[in-house]
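K.L.:
Next comes the sequence, and after it the predicted model I'd like to discuss.
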Amino acid sequence: MSVPAYDAVEKGTELRPVTVKLRREDLVRYAGASGDFNRIHWSQRVAQEVGLPDVIAHGMLTMGAGARVVTEWVGDPARVVEYSVRFTRPVVVPDTDEGVAVTFGGKVADKLDDNLVRVDLTALAGGDKVFGAARAVVRLD
């Protein structure tokens, strides 16, 4: 995949959405890789005791999955020079084979100097908005 040309990209350009399915087994794998074994990510009882509706996905797992919208568009993760997310709600992961589908989207919100563009990102899980303010700054050709 080639890197989009800065001059060819316009404000409002929509990035192709990416849908990621998260299941409880994915949370276990992520916990092992990240070292984050907080029980809210695998124990329904503990999650509900602290006021959550059920087990929730790790924030960093959700954030990383959301970055795929940008990295797939630009073709090179090294071109992402800044990335930040504010969450509005957690991603609840039911104990089913289907898990939950999280759909990430993005739109070019601004063209900056030095071949940089700002992309605003969205995330929806079960129809609920997951990302509040989510932005990436990307260097184009």
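P.N.:
Arrived safely. Numbering: from 1, shown residues only.
K.L.:
Can you name the next helix or strand after the host helix or strand of residue 119?
P.N.:
Assigned by DSSP states H and E, residue 119 belongs to strand 116-125. Going down the chain from strand 116-125, the next helix or strand is strand 128-129, by DSSP H and E.
K.L.:
Where does pLDDT dip in the chain?
P.N.:
Counting by pLDDT under 70, the chain contains low-confidence ranges at 1.
K.L.:
Tell me which residue is most central in it.
P.N.:
residue 66 (1.9 Å; CA atoms, centre = their mean).
K.L.:
now that residue, nearest residue through space, not along the chain?
P.N.:
Among residues not flanking residue 66 along the chain, residue 104 sits closest, at 4.6 Å (CB to CB, 6 or more residues apart in numbering). Glycine gets a C-beta too; all of them are placed from N, C-alpha and C.
K.L.:
does the one you found sit in a helix, a strand or a coil?
P.N.:
Following DSSP: H, G, I helix; E, B strand; the rest coil, the label given to residue 104 is strand.
K.L.:
That one and residue 17 touch, don't they?
P.N.:
Yes: assessed by CB atoms under 8 Å, residue 104 is found in contact with residue 17 at 6.4 Å.
K.L.:
Of the two, which one has the most company?
P.N.:
residue 104 (25 against 12; other CB atoms under 10 Å).
K.L.:
What's the separation between the more buried one and residue 113?
P.N.:
Here residue 104 is placed at a distance of 27 Å from residue 113 (CB to CB, to the nearest Å).
K.L.:
and what of residue 5?
P.N.:
From residue 5 to residue 113 the distance is 16 Å (CB to CB).
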